[in-house]
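> Need a 3D model of the following:
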Amino acid sequence: MTGDPELARDLTQETFLRAQGAAGRGAGERPLPWLLRVARNLWIDHLRRLGHRPLEAFDDRGELGAHDPAMRRLDEDTGIEAHLRQLPANWQQALILRHMNDLTVEDVARVMGVPEGTVKTWLHRGRARLAGWLVEAEERS
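Model (predicted):
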């Protein structure tokens, strides 16, 4: 989500520190969605400290502003990662949580704080857009 490995490590470390302090509260039997929600909230707090409003830090296409490390890395990215970064932020997060973290749609909804139907829509649209880019790339080669 951050586009910056060092920031991601810091947020992960803070997430686990908070989990240690909240042992037995909130996580229940399914700690991964709880941990991911804490991490996402910490990232949003980080954006706020930079002067952004949560998820309004993104431009009309859902990309972070040019000052953000994620945008600086965009030119270095290749393949699916570069295309993934072109998707709106919520679509990116839903796809990453669902397919890279193997969360259920229900868990993704819990992490992102939105209804399951919204997650399904984001996943469907994100997959369709990625598929279109892959078909275009295949046709060019």
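> just checking, Arg127 is part of a helix?
Yes. Under DSSP: H, G, I helix; E, B strand; the rest coil, Arg127 falls within a helix.
> so which helix or strand takes in the closest residue in space to it that isn't next to it in sequence?
The shortest distance from Arg127 to any residue other than its chain neighbours is 7.4 Å, reached at Leu95 (C-beta to C-beta, 6 or more residues apart in numbering). To be clear about C-beta, it is placed using only N, CA and C from the backbone, and glycine gets the same treatment. Per DSSP states H and E, Leu95 falls inside helix 89-95.
> following that helix, which helix or strand comes up?
Assignment by DSSP H and E places the next element after helix 89-95 at helix 105-112.
> How far off centre is that following helix?
In terms of C-alpha atoms, centre = their mean, to the nearest Å, the centre of helix 105-112 is found 12 Å from the chain centre.
> Would you mind identifying the next helix or strand past the helix or strand of the chain with the lowest mean pLDDT?
In the chain, the helix or strand scored least confidently by mean pLDDT, DSSP states H and E is helix 69-74, which has a mean of 42. Next helix or strand after helix 69-74 toward the C-terminus (DSSP H and E): helix 79-84.
> same question for that next one, mean pLDDT?
Confidence for helix 79-84, expressed as mean pLDDT, is 74.
> Next one, pLDDT for the most centrally placed residue in the chain please.
The geometric centre of the chain, computed from its C-alpha atoms, lies nearest to Gln93 (C-alpha atoms, centre = their mean), at 2.7 Å. On pLDDT, Gln93 comes in at 87.
> Thank you kindly, that will do.
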